[in-house]
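Everything below, folded, please.
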Amino acid sequence: MGARRRSDALRPLSDALRTAFGRHKTARKGLDDRVASTQDVPDLTDVGAATADRLKRIAMAISLKVNGVVHSVAAEPDTPLLYVLRNDLELNGAKFGCGLEQCGACTVLLDGVPTRSCVRAIQDIGQQEVTTIEGLGTVDKPHPLQQAFIDEQAAQCGYCINGMIMTAKELLDRIPHPTEADVRATLAPNLCRCGTHNRIVRAVLRAAQANGKT
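The predicted structure is shown next:
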């Protein structure tokens, strides 16, 4: 009698457990069905196509003429010229300063024109020749500008000097007899945080004089 009462008392709990277990099985089956369904699997077609397109773009090597030498560079067309010069060609004279063409540390010459290489994509270079500071002179035979900057001790930290020299190179090519005002106006967009502007100006005028241009 006592056992039957206990059995009757536990029946609601047993029924509740069976109901809960049944609901769990149903929910789990529905979850398994959804996971197995192809409709719930993310469509990776677009991702694969984008990756393939990127690899295709990289595989299409771009030719660049730098310091008189033609290089074939395997890089995406929109890669900034500065990155290719430093990372691929190991020409580290041009510096990354602001990345916004505001400071001038990355300046190179494109067909003789000062250009901020941090924002110029290699796909836009075309047949233009790139000249970096490494293309001006050597350790044994520095360019007159490089020698003048050494003689005037124009560099302090040296980070801006690449841009100063490359910009000054275009000035001396364009104006054979630059005045101090010409030099200051031309170099004004190039920033020097160390404040050696006066020595830099003297170095440019010295280079012009040594080159027989004043």
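
Distance from stretch 95-111 to the middle of the chain?
11 Å (C-alpha atoms, centre = their mean, to the nearest Å).

how many neighbours does Cys197 have?
Let me fix one detail, which is that residue 197 is His and not Cys. 17 (other C-beta atoms under 10 Å). Every residue, glycine included, has its C-beta placed from N, CA and C.

those strands in this protein, which residues are they?
62-66, 69-73, 107-110, 113-116, 129-131 (DSSP state E).

tell me the angle the first one makes with strand 69-73.
By that I understand strand 62-66. Using axes from the mean of the first three to the mean of the last three C-alpha atoms, to 10 degrees, the direction of strand 62-66 lies 150 degrees away from that of strand 69-73.

average pLDDT across strand 62-66?
Computed over strand 62-66, the mean pLDDT rounds to 97.

what's the answer for the fourth one, then?
Strand 113-116 shows a mean pLDDT of 98.

cool, the shortest one as well?
When pLDDT is averaged along strand 129-131, the result is 98.

so what strands line up beside that strand?
strand 62-66 (parallel), strand 107-110 (antiparallel) (DSSP bridges).

Including mean neighbour count and distance to Phe149, could the strands of the chain go into TSV?
Listed next are the strands of the chain as TSV, based on neighbours: other C-beta atoms under 10 Å; distance: least, C-beta to C-beta, whole Å:
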stretch	mean neighbour count	distance to Phe149
strand 62-66	18	22
strand 69-73	12	25
strand 107-110	24	15
strand 113-116	19	17
strand 129-131	22	17
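
Quick one: the ones you listed as TSV, columns for distance to Leu172 too.
Output for the strands of the chain, formatted as TSV (distance: least, C-beta to C-beta, whole Å):
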stretch	distance to Leu172
strand 62-66	21
strand 69-73	24
strand 107-110	12
strand 113-116	12
strand 129-131	14
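
how much space between the closest residue in space to Ile165 that isn't next to it in sequence and Ala74?
Setting aside the residues directly before and after it, Ile165 is nearest to Leu145 in space (C-beta to C-beta, 6 or more residues apart in numbering), at 5.1 Å. For Leu145, the distance to Ala74 equals 33 Å [C-beta to C-beta, to the nearest Å].

and if you look at Glu134?
21 Å.

Comparing those two, which shows the higher neighbour count?
Glu134 (17 against 12).
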